[in-house]
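K.L.:
Here is a sequence together with a model predicted from it:
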Amino acid sequence: MFRLEDFDYSGKTVFLRADLNSPMKDGKIISDARFRAVLPTIRYLLENGAKVVVATHQGKPYGEDYATTEEHARILGELLGQEVEYVEDIFGRYAREKIKTMKPGDVIMLENLRFTAEEVKQKPLEDCEKTFLVKKLSPLIDYVVNDAFAAAHRSQPSLVGFARLKPMVMGRLMEREIKALSKAYESEERPRVYVLGGAKVDDSLRVAENVLKKGKADLILTGGLVGHVFILAKGFDLGRVNVEFLERKGLLEFVDWAERILDEFYPYIRTPVDFAIDYKGERVEIDIISDEKRLFDEYPILDIGTRTVEKYREILLEAKVIVANGPMGVFEREEFALGTVGVFRAIAESDAFSVIGGGHSIASLQRYNITGISHISTGGGAMLTFFSGEKLPVLEALRVSYERFS
């Protein structure tokens, strides 16, 4: 695959596909981690005389975090120390004219890519190549730099469509991600522990199945909704309110799959032994086999309990390799951040080579000032796809482009 150093960018127009999709609250971005992650790539391009056209998506249609990229341009400009002009267009005449009039050292930010219907669906590279987005923009650009690792598991026009038309290059972030994830996945050091939390249950089940079958993991610790599904698969009852919540989320359909994984790898998968509920506005911890678990019928589970944190901590401090994705509970509420913070702090304190990924995981690391992780991955879904052993469309596109233009 092409690296940044392989080309001369002086006076050239570079389409930089970044992933600046960030958590938002009340219409404001609450974490600039993904912006900081792409700064080395942008600075390299600017220092080498490029005109940089930044493209990103934000949220999904009708979602709470579906927004324009105006604030993204402002934040990136502040971090770079120069103006980043927000262009309220993607590939229309206004955007094309802006690109044509750029000078070396200029940076512009295109509108949210998902404002165009072509960018919402996933299609093979050949179909993405034929889209209006690619047809309209490709004559105006010299190189495509892809630093959008967090979207590397998607096959969409801005991500893969230019691969056979223009040299497509790995950005600094993309290169760093592939190196770190490969190191964790291929490591022979033991024990290798995977921590799977959050709400991406199907992705997490794929990871668990793959790393256990291929002997890449020695133990899997679960939390969040992933933990809930495995608990149900073990035959425990999580109470009416919590089961109904999982049903509304469409997650009960994964219980059989989790059961099949447990049938084959039962001793290697650990689930929480206690949980914290919101009992009349207070955090109350309940053991999974105690009589108090009847409260699960009426009160939602929002975190793992202290006993679980201690058990997980002992395991993590002995690990040599740790891969973690997703929080243990609703970390946004301070009284229910105990599980996530406790587990992530144990990972940070261990001597293991550690990789943590996912937007919410990164937000919790920042919020609670947890340092000491070997590699913080900007990708949640992409990282899970990588560890599930599946091919990432963006990496395949980078290979295709390398073969075409080398």
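P.N.:
Received the coordinates, thanks.

K.L.:
measure residue 86 to residue 56 for me?
P.N.:
Separation of residue 86 from residue 56 (CB to CB, to the nearest Å): 12 Å. For glycine as for every other residue, the C-beta is placed from the backbone atoms N, C-alpha and C.

K.L.:
overlap in contacts of those two?
P.N.:
Listed as contacting both residue 86 and residue 56 by CB atoms under 8 Å, 6 or more residues apart in numbering are 69, 72, 109.

K.L.:
Could you list which of those belong to strands?
P.N.:
The members of the shared contacts of residue 86 and residue 56 that map onto strands under DSSP state E are residue 109.

K.L.:
circling back: so which of residue 86 and residue 56 has more stuff around it?
P.N.:
residue 56 (28 against 18; other CB atoms under 10 Å).

K.L.:
Setting aside sequence neighbours, what's the nearest residue to the more buried one?
P.N.:
Counting by CB to CB, 6 or more residues apart in numbering, residue 20 is the residue found nearest to residue 56 once chain neighbours are left out, at 4.1 Å.

K.L.:
how about the strands in the stretch 301-406 of the chain?
P.N.:
Counting by DSSP state E, counting those that start in this stretch, the stretch 301-406 of the chain has strands at residues 301-304, 321-325, 353-357, 375-377.

K.L.:
So in that sheet, which strands flank the last one, and in what orientation?
P.N.:
Partner strands and pairing direction for strand 375-377 (DSSP bridges) are strand 353-357 (parallel).

K.L.:
send the alpha carbons of the strand it pairs with over as CSV?
P.N.:
Extracted C-alpha coordinates of strand 353-357, given in CSV (Å, rounded to 0.1, in the frame of the first residue of the first chain):
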residue,chain,number,x,y,z
PHE,A,353,0.3,-4.3,25.0
SER,A,354,-3.2,-2.8,25.0
VAL,A,355,-5.6,-1.7,22.3
ILE,A,356,-8.8,0.1,23.2
GLY,A,357,-11.3,1.2,20.5
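
K.L.:
How much space separates residue 250 from residue 321?
P.N.:
Taking CB to CB as the measure, residue 250 falls 32 Å from residue 321.

K.L.:
Neighbour count for these two, which is higher?
P.N.:
Of the pair residue 250 and residue 321, residue 321 is the one with more neighbours under other CB under 10 Å, namely 25 against 10.

K.L.:
Look up how far residue 183 lies from that one.
P.N.:
When CB to CB is applied, the distance between residue 321 and residue 183 equals 9 Å.

K.L.:
Between those two, which contacts overlap?
P.N.:
In terms of CB under 8 Å, 6+ apart, residue 321 and residue 183 are both contacted by the residues residue 353.

K.L.:
Helices along the stretch 301-406 of the chain, start to end?
P.N.:
306-318, 338-349, 359-367, 381-387, 393-405 (DSSP state H, counting those that start in this stretch).

K.L.:
centre of the chain versus the shortest one, how much separation?
P.N.:
The gap between where helix 381-387 is centred and where its chain is centred comes out at 8 Å by CA atoms, centre = their mean, to the nearest Å.

K.L.:
Please apply the same query to the last one.
P.N.:
Relative to its chain's centre, helix 393-405 lies at 22 Å (CA atoms, centre = their mean).

K.L.:
Can you read off the pLDDT for residue 369?
P.N.:
Here the pLDDT value assigned to residue 369 is 88.

K.L.:
what's the neighbour count on residue 198?
P.N.:
Neighbouring residues of residue 198 were enumerated by other CB under 10 Å; the total is 25.

K.L.:
Kindly apply the preceding question to residue 25 instead.
P.N.:
By the criterion of other CB under 10 Å, residue 25 has 11 neighbours.

K.L.:
hang on, the earlier thing: can you say which of the strands of the stretch 301-406 of the chain is nearest to residue 38?
P.N.:
Evaluated over the strands of the stretch 301-406 of the chain, closeness to residue 38 peaks at strand 375-377, with 13.7 Å, by CB to CB.
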